[in-house]
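**Q** Dropping a prediction and its sequence here:
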Amino acid sequence: MNSRRSFLVQAGLLSAGILLAPSCMINGDKKTKHKLGLQLYSLRDIINSDVKGTIAKVAQAGYAEVETYGYSPDNGIFGMDVKAFREILEANNLTAPSGHYGFDEYLQGKEDLLENYIQTATTLGHQYITVPYLGEELRSDADSYKRLSEKLNKAGELTKKSNIQLAYHNHDFEFQSFDGVTGYEILLKETDPSNLKFEIDLYWAARAKQDIKAMFASNEGRFVMWHVKDMDKGKPELNTEIGNGSINYKEIFADAETSGVKHYFVEQENFTDIDPFVSIQKSAEYVNNNLFS
């Protein structure tokens, strides 16, 4: 996860007082048939210094679910015992249906790591263990993606024995073409749909100029999770609050059934001139009021 893009953050803006009172929150006053989640990586510069307070503010901002990241067997999650972290989620009426777990070591031969991940995911109540990223050395050509597919198939078979589904999260590098076929297409084709589902990062797919509607149609039901983040209209390398950017999310959400999506996670990798808690709240309000029906 540390390899993912860094973000710009305006110092000195964080203030709990900026947040709206809980009585104004979406999940407090307005019921929707969907549960909106937040990928906690959005708050990676904040959460480690105050896990309990950060999680409370995520719930106040209108989220019912979170997606974790950053777990390690040596340091737990955010430096905490996994059970203690789950208790914090439960105290705020939050669940964690998915978590991002580093897979490079597993894919390079450290196969016992997966059993530890499965135990952790079970403790946290995950439905999905999600592969968040691939190191460059693992994805150099089409044959590399075929080898990855074989290993991910095997991993998916193992997680299913514990009633946990393996999923794969994309960036933009998967859409590099090798003699007319992309790495992403290889992963879709070479893996068993029952062993590997996909968490599509809609920002990165849009930035790679992919036809998302066609992708859903040709792989119906396989994109069980979405990362929902918007693209700054003037600087596409930056994110912005959902509804403020250039991605037509109303059009994408119209294809939710074809996609097979079950969980929606807002993620914002960078913030500019805005308190991150205000930002995630604005995104939650837009999704709940304009995209969920």
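**A** Good, I have the coordinates.

**Q** which SS state does residue 280 fall under?
**A** Assigned with DSSP: H, G, I helix; E, B strand; the rest coil, residue 280 falls in the helix class.

**Q** Look up how far residue 266 lies from the closest residue to it other than its chain neighbours.
**A** In this structure, residue 280 finds its nearest non-sequential neighbour in residue 61, 5.1 Å apart by Cβ to Cβ, 6 or more residues apart in numbering. Where you see a C-beta, it was placed from the backbone N, CA and C, and this is true even at glycine. To residue 266, residue 61 is 10 Å away according to Cβ to Cβ, to the nearest Å.

**Q** burial of the residue nearest to residue 280, as a residue count?
**A** By the criterion of other Cβ atoms under 10 Å, residue 61 has 26 neighbours.

**Q** 55 is where my numbering starts, stick with that
**A** All set: I'll call the first residue 55, so the last point we hit is now residue 115.

**Q** ok, it to residue 339 distance?
**A** In this structure, residue 115 and residue 339 are 9 Å apart, going by Cβ to Cβ.

**Q** And for residue 206?
**A** Per Cβ to Cβ, residue 206 is found 36 Å from residue 339.

**Q** of these two, who's got more company?
**A** residue 206 (24 against 20).

**Q** Let me know the secondary structure of the more buried one.
**A** Here residue 206 takes the helix state, with states given by three-state DSSP.

**Q** same check, this time on residue 165
**A** With three-state DSSP as the basis, residue 165 sits in coil.

**Q** can you give me how far stretch 175-191 is from the chain middle?
**A** Its chain's C-alpha centre lies 10 Å from the corresponding centre of stretch 175-191 when counted by Cα atoms, centre = their mean, to the nearest Å.

**Q** I figured residue 221 hits residue 152, correct?
**A** Yes - contact status for residue 221 versus residue 152: in contact at 7.0 Å, counting by Cβ atoms under 8 Å.

**Q** For those two, list the residues in contact with both.
**A** Here residue 221 and residue 152 share the contacting residues 182, 183, 184, 253, 279, scored by Cβ atoms under 8 Å, 6 or more residues apart in numbering.

**Q** Out of those, who's the most crowded?
**A** Of those, with other Cβ under 10 Å as the count, residue 279 tops at 28 neighbours.

**Q** who does the closest residue to that one other than its chain neighbours bridge with?
**A** With Cβ to Cβ, 6+ apart as the measure, residue 253 is the residue that lies nearest to residue 279, at 3.8 Å, once sequence neighbours are left out. For residue 253, the beta-bridge partners are residue 223, residue 279 (DSSP bridges).

**Q** how long is stretch 187-206 end to end?
**A** The distance separating the two terminal residues of stretch 187-206, taken as Cα to Cα, to the nearest Å, comes to 13 Å.

**Q** what's the model's confidence in that stretch, averaged?
**A** The predicted model assigns stretch 187-206 a mean pLDDT of 98.

**Q** that older thread, comparing residue 221 and residue 152, which shows the higher neighbour count?
**A** Here residue 221 and residue 152 are set side by side on neighbour count (other Cβ under 10 Å), and the busier one is residue 152, at 30 against 26.

**Q** Then that one would be within a strand, right?
**A** Yes - membership of residue 152 in a strand is supported by three-state DSSP.

**Q** For residue 316, see how far away the closest residue to it other than its chain neighbours is.
**A** Nearest residue to residue 152 in three dimensions, chain neighbours excluded: residue 182, at 4.0 Å (Cβ to Cβ, 6+ apart). Counting by Cβ to Cβ, the gap from residue 182 to residue 316 is 9 Å.
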